[in-house]
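Student: Sequence first, then the predicted structure, then my questions.
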Amino acid sequence: MLKAIFIIVPSYSNNSWLDSKMMQLTKSFIAILNIDNYPVEIVENYDDINQFLDKAELLIVSTAGNIIIEKNHLRNKIFSIPDTVGLLAHLLQYNGDQTPYMHEQFFIIRTKAFKTLNFKQLKRSQEDMHDGHAPLFLTLEDGYINFGTFVIEECLVNGYEVRNFDNDWRYPKTATNYIALEQQLPSRGYCYPKDNSDLFASALKELTLCNGLNESQQLLILGFKKVLEFNVLNAQQTETLYNCNPAETVICPATGFLAEAVAIKAGASDIIIYDKNPNNIEFKKHLYKNWDGINYIKFAQDFATKHNLSIEPSFDSDIENAKTQLEETNIIISNWVNWKDSVKITFVCCDLVKQIDQFQLNNNTLIHTSSILTMYPLSAISYDQDEIESVRQIIYNSKAQWFEI
């Protein structure tokens, strides 16, 4: 039996474009969270989750519209859930509610706590016997009243705890803010796509804030707007360096020494460094022109300070990973002055998805797309899935060596 399976359920708002975009976005965030490469399943409805009860110890269920902000904190919490806990969810019970229930946005199921998952909800008839408060009959139908009440009941009857996501789950103790907002953000958020669906879809297409959006929707749009301002320098790479076949030309994004490290592995002397973020390109130009090979971190920090940029990565776990990757590039750093003159460097500031035709791809080239075409949320918000798939097909058909994060 697997340790975990990630399950994504469509959001089913009244806007089909928004549902598709929320699914695309959530898939990209789950890919970031799922560093152990557990299966990710897309189901049609919550009852379909039953088919996985005998497949994994934990079922991690996300309704489309989830965003992951601090993946390492959330992952650590998921895989340290006490064995006594059968259900973790956003538990709700407002004044006037006779029974507790849960919000469908995100919940975690320990499969041995359940024989079956009953997501049916009691829904009253429109026909009434007395002053609107005595329905003529009740039915078990999909609706919005008391979602998950029966699931909560079965978990408790079977002797397992039902717990809410407390602040220790929601807020990492050393949280930093990768989208440079003033307030601290939780590890995970939800956009509530059923709220103001058409308005949210319109605002998301244009990445424009407007009245009528809920707070989560506003934060999502504001976050991506700030990312697209590119007030950041990707000074270190976190991508794993894989073994590769020889190539004449290496094409890589301008993150840390990724392009240089890949070129060494491929034996390439022709390097094309591309990026959508102009700050990354300008920094690389500055690096090749002015760096003496001493104290790279200070050199990058000085550039960032001068241009009023924050530096990525910013989370402690990613910084540690970047330090490990930097150690693998010591052969470049220790011989920088001589090495930089031994290769041909071309800098291209471009949008890979929109401008893939700028590159001549063939069986003598190696292209690294980092997470741009896989699990990069900025790509999910900026492009439709068919645009990304089209670029993937172009690269595949070119016969170039292709690496993704």
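Tutor: The structure has been received and is ready for your questions. A quick note: this is a predicted structure, and the numbers were derived from the prediction, not measured.
Student: partners of the lengthiest strand in the chain in the sheet?
Tutor: Counting by DSSP state E, the longest strand found in the chain is strand 101-110. Each strand paired with strand 101-110, and its direction, by DSSP bridges: strand 56-63 (antiparallel), strand 85-92 (antiparallel).
Student: which residues are contacting it?
Tutor: Contact with strand 101-110 is made by 9, 46, 49, 57-63, 65-66, 78, 81, 83, 85-93, 117, 146-149, 151-152, 160, 165, 188, 190, 192, as judged by Cβ atoms under 8 Å, 6 or more residues apart in numbering. C-beta: built from backbone N, CA, C; applies to glycine.
Student: can you rerun that using 6 Å?
Tutor: 59-63, 66, 86, 88-92, 146-149, 190 (Cβ atoms under 6 Å, 6 or more residues apart in numbering).
Student: do the same with stretch 294-309
Tutor: So stretch 294-309 is in contact with 231, 232, 233, 235, 279, 283, 291, 311, going by Cβ under 6 Å, 6+ apart.
Student: Neighbour count and secondary structure for these - can I get that in TSV?
Tutor: Shown next, in TSV, are the contacts of stretch 294-309 (neighbours: other Cβ atoms under 10 Å; DSSP: H, G, I helix; E, B strand; the rest coil):
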residue	neighbour count	secondary structure
231	15	coil
232	20	strand
233	22	strand
235	25	coil
279	20	helix
283	22	helix
291	17	coil
311	17	strand
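Student: Among the contacts of strand 101-110, the buried ones, what's the PyMOL command?
Tutor: Buried residues within the contacts of strand 101-110, by 16 or more other Cβ atoms under 10 Å, are selected in PyMOL with:
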select buried, resi 59+60+61+62+63+66+86+88+89+91+146+147+148+149+190
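Student: in the chain, which segments are predicted with low confidence?
Tutor: 121-145, 173-184, 313-331, 375 (pLDDT under 70).
Student: tell me the domain ranges of it?
Tutor: 2-192, 232-403 (automatic domain parsing).
Student: May I see the ones you listed arranged in JSON lines, with distance to residue 210 as well?
Tutor: Listed next are the domains of the chain as JSON lines, based on distance: least, Cβ to Cβ, whole Å:
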{"stretch": "domain 2-192", "distance to residue 210": "15"}
{"stretch": "domain 232-403", "distance to residue 210": "17"}
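Student: Please, which helix or strand holds residue 169?
Tutor: helix 167-170 (DSSP states H and E).
Student: in that helix, what counts as buried?
Tutor: Buried residues in helix 167-170 (16+ other Cβ under 10 Å): 169, 170.
Student: same thing with stretch 202-219?
Tutor: Result for stretch 202-219 [16+ other Cβ under 10 Å]: buried residues 203, 204, 207, 213, 216, 217, 218, 219.
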